[in-house]
Each structure stands twice: as C-alpha cells, then as structure tokens.
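> Here is the input, now give the coordinates:
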Amino acid sequence: MTPRTALFTVAELLGWWIALGLLWLVLISTVDTLELVVGASCAGVAAFAARGARRAVSGT
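Predicted structure coming up:
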C-alpha cells in the first residue's frame, strides 16, 4: 500500500464516520455521553462496512 492509497483510505473512512455520526445525532432525541459513545462506535463500524461495500461494487 502506497502512502497515497493509505491517505485516501483514511480520508474515506473519516468522511463516512463524520457523515454517519452526524446522521446519528440528527436522529436521536437526547444527546448525552452514552449516546455519543454508541453513535461514534456504530458510525465507525458502518464506515468500514460502507468502504467494503464500495470496494466490492467498484472491484478495487
């Protein structure tokens, strides 16, 4: 893996994580510490799944 590929991978995962984390915050009714931890964790797992799905569809 080249440094450029690694940087693109990190940027893609970070972008998905931010987008999905913001979606989580929009959809919940209360914002407390536990909700933030759960939302960040779920967004992280979903970011890896989204990247895997994109790679499976594009064939790279």
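
> where are the low-confidence patches of this structure?
60 (pLDDT under 70).

> which stretches of it form helices?
3-27, 33-58 (DSSP state H).

> could these go into CSV alongside mean neighbour count?
C-beta coordinates here come from the backbone N, C-alpha and C atoms, glycine included. What follows is the helices of the chain, written out as CSV (neighbours: other C-beta atoms under 10 Å):
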stretch, mean neighbour count
helix 3-27, 13
helix 33-58, 13
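
> Hmm, residue 50 is touching residue 16, no?
Yes. Applying C-beta atoms under 8 Å as the test, residue 50 and residue 16 come out as touching, 4.9 Å apart.

> Please name the residues that touch the closest residue to residue 42 other than its chain neighbours.
Excluding the flanking residues, the one nearest residue 42 by C-beta to C-beta, 6 or more residues apart in numbering is residue 24, at 6.5 Å. For residue 24, the contact set (C-beta atoms under 8 Å, 6 or more residues apart in numbering) comprises 39, 42, 43.

> try residue 21
39, 40, 43.

> quick check, nearest of the contacts of residue 24 to residue 7?
Proximity of the contacts of residue 24 to residue 7 (C-beta to C-beta) peaks at residue 43, which lies at 20.5 Å.

> can you pull the contacts of that closest one?
By C-beta under 8 Å, 6+ apart, the neighbours of residue 43 are 16, 17, 18, 20, 21, 23, 24.

> Look up how far residue 1 lies from it.
Distance of residue 43 to residue 1, computed by C-beta to C-beta, to the nearest Å: 24 Å.

> next one: residue 19
24 Å.

> just residue 24 next, same as before
30 Å.

> swap in residue 36?
Applying C-beta to C-beta to residue 36 and residue 1 gives a distance of 32 Å.

> now swap in residue 30 and tell me
41 Å.

> same check, this time on residue 27
Distance from residue 27 to residue 1, by C-beta to C-beta: 35 Å.

> do residue 26 as well
34 Å.

> now, which of the contacts of residue 43 sits nearest residue 58?
Distance to residue 58, by C-beta to C-beta, is smallest for residue 16 among these, at 14.9 Å.

> can you pull the contacts of that closest one?
Per C-beta under 8 Å, 6+ apart, neighbours of residue 16: 43, 46, 47, 50, 51.
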